[in-house]
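> What shape does this take:
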Amino acid sequence: MSEVSVRPDPAMPGALDGVPRCRYGTVEDFEIERFLDGIGAFAGAGANVIVQLANRPVGYGVVESTVDSGRADVHPWKRLRTTLTYIAVAMLGTEDDRDVYRQAVGTVHRRVRSAPGAEVRYNAFDPELQKWVAVCLCWGVIDMHERLYGPLDKATKEVFVQYAARFGTGLQMKADMWPADLAEFDSYFESGLASMQIDDVVAEYLRKLVGLRNVPRPRLLASFHRFAVTGLLPAPMRAQLYLPWTDEQERRHRLMFRGIGAVYGRLPVRARMFPYSTVLGDMRRRHRRGRALV
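A predicted model of the protein is given here:
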């Protein structure tokens with residue numbers, strides 16, 4: 001993979017021959033290696049999970065899951081690997097990669113469904129729930145990119161949002177369920193946030209993740225993780241989880257991420273793609289050897 005200049009080209013015209021286009025290309029030839037950063041996997045994962053699980057059926061599907069092998073509170077590192085692999089496959093993988101991983105994830109998701117008569121009903125194969133998770137992943141990539149490097153132009157966000165439909169179609173979400181454009185995407189996400197109510201059951205699970213109480217001997221890492229995750233959360237999520245946040249913390253949080261971006265954006269592509277390139281290669285090796293993927 002060749003090294004490329006990471007950021008500072010001016011945006012190209014928003015459309016060419018009716019096809020939306022940005023500095024990274026079109027949906028069909030989007031240069032995802034120039035856009036995606038592996039640092040987001042480490043910095044943004046915790047906050048993104050919280051926003052996903054704020055959707056009550058999604059949250060209960062995780063909290064009540066009897067599939068222990070996929071629970072972040074039981075096997076945190078394994079759960080992190082499978083989540084990063086899903087993002088890597090969706091963003092960087094081939095159509096064959098996505099088909100293979102869709103089937104592997106499906107074998108687990110078939111077992112994640114609410115019991116008869118449950119107060120909160122959920123089914124991991126529900127395409128509407130998958131759409132919410134996929135939209136959260138897309139939002140997280142954009143949010144992290146802007147925190148590291150500054151605001152994105154509208155054309156880039158428009159094209160990336162359409163490219164990111166594969167976050168949903170990599171599962172069972174139908175392509176026509178994905179927001180038609182950036183305005184519809186923003187409206188769906190904002191209205192989703194506004195409707196979310198995190199109850200005590202899910203909130204306790206999420207606070208455990210924020211404080212890294214699911215990780216053996218987190219020590220000083222827990223304090224940093226709490227700071228990073230809390231600052232990335234939309235304000236309504238912080239309020240519902242009773243996570244205090246001050247203007248001074250916000251200032252330090254913004255400076256921290258811009259500082260990381262100033263260094264990270266100068267790295268060669270191969271370095272910036274870690275850990276996504278690593279977990280994608282691992283998935284392909286596991287598949288060739290007939291080993292479990294999730």
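
> where's residue 19 relative to residue 79, distance?
From residue 19 over to residue 79 the distance is 38 Å, taken as C-beta to C-beta, to the nearest Å. The C-beta positions use only the backbone N, C-alpha and C, and glycine is treated the same way.

> Tell me the helix or strand right after the helix or strand hosting residue 131.
Element membership of residue 131, judged by DSSP states H and E, is helix 127-149. Where DSSP H and E defines the elements, the next helix or strand beyond helix 127-149 is helix 154-163.

> circling back: who has more neighbours, residue 19 and residue 79?
residue 79 (20 against 11; other C-beta atoms under 10 Å).

> By mean pLDDT, which helix or strand of the protein comes out lowest?
strand 15-16 (a mean of 51; mean pLDDT, DSSP states H and E).

> can you list the weak-confidence ranges in this protein?
Within the chain, the ranges that satisfy pLDDT under 70 run 1-18, 68-75, 214, 216-220.

> Assign a three-state SS to residue 237, would you?
Secondary structure for residue 237, judged by DSSP: H, G, I helix; E, B strand; the rest coil, is helix.

> Name the nearest residue to residue 100, sequence neighbours excluded.
residue 287 (5.5 Å; C-beta to C-beta, 6 or more residues apart in numbering).

> Could you verify my assumption that that neighbour touches residue 103?
No - in this structure residue 287 lies outside contact range of residue 103 using C-beta atoms under 8 Å: 10.2 Å.

> Counting neighbours, go ahead and name the busier of those two.
More crowded of residue 287 and residue 103, by other C-beta under 10 Å: residue 287, with 16 against 10.

> Now do residue 60 against residue 53, distance only.
9 Å.

> Nearest residue to the middle of the protein?
Among the residues of the chain, the one closest to the centroid is residue 137, at 3.1 Å (C-alpha atoms, centre = their mean).

> that older thread, list the buried ones in the helix holding residue 131?
127, 129-145, 147-149 (16 or more other C-beta atoms under 10 Å).

> repeat for stretch 252-260
253, 256, 257, 260.

> can you pull out the helices in the stretch 101-250 of the chain?
Listed in chain order, the helices of the stretch 101-250 of the chain (DSSP state H, counting those that start in this stretch) span 127-149, 154-163, 166-169, 182-195, 200-210, 220-232, 235-240, 247-264.

> who's in contact with the last one?
Applying C-beta atoms under 8 Å, 6 or more residues apart in numbering, the external contacts of helix 247-264 come out as 37, 39, 43, 147, 148, 149, 150, 227, 228, 230, 231, 272.

> how far away is the second one from residue 144?
Relative to residue 144, residue 39 is positioned 8 Å away (criterion: C-beta to C-beta).

> Contacts only, for the closest residue to residue 135 other than its chain neighbours.
Distance criterion C-beta to C-beta, 6+ apart; nearest residue to residue 135, sequence neighbours excluded, is residue 189 at 5.6 Å. Contact analysis of residue 189 by C-beta under 8 Å, 6+ apart lists 135, 136, 139.

> Now distance to residue 163 too, for those, in JSON lines please.
Output for those, formatted as JSON lines (distance: C-beta to C-beta, whole Å):
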{"residue": "135", "distance to residue 163": "13"}
{"residue": "136", "distance to residue 163": "16"}
{"residue": "139", "distance to residue 163": "14"}
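
> Good, wrapping up.
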